[in-house]
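Novice: requesting a structural model of the entry that follows:
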Amino acid sequence: MPARTKSTLADRVAQKLRLEILSGLYSPGDKLLPEHELAARFDVNRFTVREAMNKLEQMHLISRRQGIGTVVLDYNEHASIDVMEDLVLGPDGRVNPFVVTHLLEAARVLSMEIAALAAERRNDGDIRKLCKVVADMRVEKRLSKVAALDFDFHWALAGSAGNIVPRLVLNSVRGLLLKYAPLLETLYIAPDSIADCYDYVVEAINARDAERARSFVRWIWHFRHQRFFDLFEQQGRAQPRPA
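Specialist: I've put the predicted structure just below:
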């Protein structure tokens, strides 16, 4: 595993401001404090603040404009998937259902089309890889390992589709999946049934039936989406009401 990069003062300042921007504390078009005031607020020097601003600008969260100052951008229009990690949890540390539902919806749409492409382009080696992942998933009882194998299945599926973009997307969300693994484990109420569903997907891909593969994947993600929100609502009802 690669060594973790040590967090710098500039990283911590950038992260604090990033969370404030993504939480809605600043609205698009708002101006951040001048560098010297931010330096005083965070008890750092102006060079550290400038470096933090560079990081936020690279994330497309701010724009520095001559004669105007540092302006907050609309992350929905300018930011990349890198901000997703900070959007999943709200400022209060709770899961943001609005963001998660969009994640699951995007995963469903992307996975459906990847499966269809895989049915059209797969080779025998691709089928063997997919079958191996499903076989491993069937005998695995640890939810954390099932979740990891699920990622491996989609990785192999993307390889079968012969398109580099899905794998780059998976690379982008790998860290997010690892960080929120306990949350994602709620999607695997019956690991055996997930393996059964993937068997159907692999059979359709092996038969080069793109529409059938797409249909099975659509059903799997619809089930997961509903499962997540059923659990989310149960947890909400279980929490004590404020006095």
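
Novice: which element is V49 on?
Specialist: helix 46-58 (DSSP states H and E).

Novice: closest to the centroid, which residue in this protein?
Specialist: In the chain, the centroid-proximal residue (C-alpha atoms, centre = their mean) is V173; its distance is 4.5 Å.

Novice: assign a three-state SS to that residue, would you?
Specialist: With DSSP: H, G, I helix; E, B strand; the rest coil as the basis, V173 sits in helix.

Novice: and R64, by the same measure?
Specialist: strand.

Novice: what residues are up against it?
Specialist: The neighbourhood of R64, defined by C-beta atoms under 8 Å, 6 or more residues apart in numbering, consists of 53, 57, 70-71. Heads up, the C-betas are built off the backbone N, CA and C, glycines and all.

Novice: in JSON lines: those, plus neighbour count and distance to R41.
Specialist: Shown next, in JSON lines, are these (neighbours: other C-beta atoms under 10 Å; distance: C-beta to C-beta, whole Å):
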{"residue": "M53", "neighbour count": "21", "distance to R41": "13"}
{"residue": "E57", "neighbour count": "15", "distance to R41": "19"}
{"residue": "T70", "neighbour count": "19", "distance to R41": "14"}
{"residue": "V71", "neighbour count": "15", "distance to R41": "18"}
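
Novice: can you read off the backbone torsions of A115?
Specialist: With angles defined as degrees, to the nearest 10, A115 sits at phi -60, psi -40.

Novice: count of neighbours near it?
Specialist: A115 has 28 neighbouring residues, counting by other C-beta atoms under 10 Å.

Novice: how far away is it from D11?
Specialist: 39 Å (C-beta to C-beta, to the nearest Å).

Novice: what about A213, neighbour count?
Specialist: For A213, using other C-beta under 10 Å, the count is 28.

Novice: wait, which of the contacts of R64 is closest to I194?
Specialist: Comparing the contacts of R64 against I194 with C-beta to C-beta places E57 closest, at 41.9 Å.

Novice: show me what counts as buried in the helix or strand containing R138.
Specialist: Using DSSP H and E, R138 sits in helix 124-139. Applying a neighbour-count criterion of 16 or more other C-beta atoms under 10 Å, one finds 126-127, 129-131, 133-134, 136-138 buried in helix 124-139.

Novice: dump those residues into TSV; add pLDDT as well.
Specialist: Formatted as TSV, the buried residues of helix 124-139 follow (pLDDT from 0 to 100):
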residue	pLDDT
D126	96
I127	97
K129	96
L130	97
C131	96
V133	95
V134	94
D136	94
M137	89
R138	89
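
Novice: widest-spaced pair of these?
Specialist: Longest span within those, C-beta to C-beta: D126 and R138, 19.0 Å.

Novice: and the helix or strand that the helix holding R138 is followed by, what other elements does it pack with?
Specialist: Remark: after helix 124-139, the chain's next helix or strand is helix 143-161, criterion DSSP H and E. Counting contacts by 3 or more C-beta pairs under 8 Å, 6 or more residues apart in numbering; DSSP states H and E, helix 143-161 is packed against helix 97-121, helix 124-139, helix 164-179, helix 181-184, helix 191-206.

Novice: could I get those in TSV, plus columns for distance to D30?
Specialist: Formatted as TSV, the helices and strands packed on helix 143-161 follow (distance: least, C-beta to C-beta, whole Å):
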stretch	distance to D30
helix 97-121	21
helix 124-139	47
helix 164-179	27
helix 181-184	31
helix 191-206	45
